[in-house]
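Engineer: Okay, predicted coordinates and the sequence, questions at the end:
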Amino acid sequence: MVKAVVLGAAGGIGQPLSLLLKASPLVDELALYDVVNSPGVAADLSHISSPAKVTGYLPKDDGLQNTLEGANVVVIPAGIPRKPGMTRDDLFKINAGIVRDLITGVAKYCPKAFILIISNPVNSTVPIAAEILKKHNVFDPSRLFGVTTLDVVRASTFVAEIVGEKDSRNIVVPVVGGHSGDTIVPLLSLTKPSVSIPADKHDGLVNRIQYGGDEVVKAKDGAGSATLSMAFAGYRFAESVIKAVRGEKGIVEPSYVYLPGVPGGDEIAKAVGVDFFAVPVELGPNGVAKATNPLGSINEDEKKLLEVAIKGLKTNIDKGVEFASAEPAKL
Ligand SMILES: NC(=O)c1ccc[n+]([C@@H]2O[C@H](COP(=O)([O-])OP(=O)(O)OC[C@H]3O[C@@H](n4cnc5c(N)ncnc54)[C@H](O)[C@@H]3O)[C@@H](O)[C@H]2O)c1
Ligand SMILES: O=C(O)C[C@H](O)C(=O)O
């Protein structure tokens with residue numbers, strides 16, 4: 001029995017992500033929560049002929065509690081998106097409090113659920129979530145994930161375009177670090193199968209992977225950021241978590257996790273000098289089965305990218321931790 005929840009379900013990501021979850025035969029129950037329109041989205045989806053029973057809640061009448069009770073997987077795309085000229089860090093002011101309050105609900109009503117955080121700035125919202133869960137004595141690092149799948153999806157797509165591979169799913173590029181600009185570190189030298197990127201295209205490709213989000217923000221021209229590609233990526237990650245819980249072996253997805261608390265993560269945390277960091281993670285029935293370390297064989301260019309990323313990450317992580325330590329949750 002799998003109960004999946006989407007918090008922020010009426011939004012640009014929330015709606016298509018809820019559609020994909022409703023269409024999945026792996027989901028038995030789907031609960032949608034938002035401050036607006038979630039009952040409408042739920043009514044619409046409920047006409048689809050697939051197994052999941054769909055419900056939609058608003059904050060009134062204990063909506064968050066009713067949404068979260070019994071949940072196994074909670075996906076969180078709640079919060080405001082960027083407009084042109086903004087960084088993801090500019091979203092902190094509003095989204096930090098939203099994530100804090102929603103995670104407080106998770107801590108109270110479904111503390112064992114797998115938590116998938118999409119809300120930006122992911123580099124800071126995941127540390128906020130960890131701190132709130134710690135405050136409630138329910139933090140299990142193997143169950144808290146910052147969703148960085150879109151960076152990996154973009155890397156596959158952009159590399160495939162350059163090397164002329166028709167199906168970008170055949171190209172796997174490890175992307176490590178965080179989820180914003182130069183904290184995103186694509187390890188092109190470790191692409192599988194190995195690819196040869198023409199020298200004159202290399203730096204542009206790295207930049208496009210790091211700033212792919214800005215490309216969409218600019219194209220949408222004030223109407224938000226990536227939603228459909230994010231719903232695809234968020235669903236891919238949620239599906240992988242659910243498949244691993246159901247016993248499927250060998251599933252590896254990148255994710256931004258609390259390294260010192262997950263198997264295999266301590267050594268990587270020591271090497272990079274930050275506690276929250278995205279690496280390819282092997283998933284199992286209890287979440288992270290093993291964090292894998294791709295950093296041993298990276299080239300000099302990638303080492304330089306990594307140095308820059310770690311600097312930015314430190315600031316973003318500290319900001320999140322400080323916020324969560326200072327602010328009482330509102331529930
Ligand atoms: N991790 C990633 O790779 C990635 C990719 C794309 C977007 N994002 C982020 O995802 C977030 C959502 O983006 P979007 O385009 O869907 O935005 P959106 O504005 O279209 O949707 C956000 C939804 O959150 C809801 N919401 C606001 N406060 C809430 C609360 N307290 N409880 C429940 N719901 C609440 C809003 O009502 C809205 O429906 C943004 O922060 C964006 O930056 C992350
Ligand atoms: O760019 C954004 O603000 C949204 C998201 O993080 C993305 O990478 O598309």
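Structural biologist: Perfect, thanks for sending it. Ligands and ions are numbered 1, 2, ... in the order given.
Engineer: remind me which residues of the stretch 151-300 of the chain are low pLDDT?
Structural biologist: Applying pLDDT under 70 to the stretch 151-300 of the chain flags no residue at all.
Engineer: residue ranges of the helices in it, please?
Structural biologist: 199-210, 212-220, 228-245, 265-272, 300-326 (DSSP state H, counting those that start in this stretch).
Engineer: so who does whichever residue of the stretch 101-250 of the chain sits closest to ligand 2 touch?
Structural biologist: In the stretch 101-250 of the chain, the residue found nearest to ligand 2 is Gly213; the distance is 2.3 Å by C-beta to the nearest ligand atom. From N, CA and C alone the C-beta is placed, and that goes for glycine too. If you count contacts by C-beta atoms under 8 Å, 6 or more residues apart in numbering, Gly213 has them with 82, 88, 150, 180, 225-226.
Engineer: on that earlier part again, between the helices of the stretch 151-300 of the chain, which one is closest to Tyr258.
Structural biologist: helix 265-272 (7.6 Å; C-beta to C-beta).
Engineer: Any chance you could list what contacts the closest one?
Structural biologist: By C-beta under 8 Å, 6+ apart, helix 265-272 touches 141, 257-260, 275, 277, 279, 288, 291, 293, 295, 306, 310.
Engineer: what's the answer for stretch 58-67, then?
Structural biologist: 5, 7, 31-36, 38-39, 55, 57, 102, 105, 108-109, 331.
Engineer: Let's see that with 10 Å instead.
Structural biologist: 3, 5-7, 9-10, 31-39, 55-57, 69, 74, 101-102, 104-106, 108-110, 331 (C-beta atoms under 10 Å, 6 or more residues apart in numbering).
Engineer: Kindly write the ChimeraX command that selects the buried subset of those residues.
Structural biologist: To isolate the buried ones among these in ChimeraX, judged by 16 or more other C-beta atoms under 10 Å, type:
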select :3,5,6,7,9,10,31,32,33,34,37,38,39,55,56,57,74,101,102,104,105,106,108,109,110
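Engineer: Now intersect the contacts of stretch 58-67 with the helices, please.
Structural biologist: 38-39, 101-102, 104-106, 108-109 (DSSP state H).
Engineer: wait, which of those is closest to Gln15?
Structural biologist: Distances from Gln15 to these, taken by C-beta to C-beta, are shortest for Ser38, at 9.9 Å.
Engineer: before we move on, the earlier item: so which of the helices of the stretch 151-300 of the chain is the most surrounded?
Structural biologist: helix 228-245 (a mean of 20; mean count of other C-beta atoms under 10 Å).
Engineer: gap between that helix and the chain center?
Structural biologist: On the basis of C-alpha atoms, centre = their mean, to the nearest Å, helix 228-245 sits 9 Å off its chain's mean C-alpha point.
Engineer: Pull up the residues of the stretch 201-331 of the chain that are close to ligand 2.
Structural biologist: Counting by C-beta under 6 Å from any ligand atom, the stretch 201-331 of the chain comes close to ligand 2 at 213, 216-217, 225-226.
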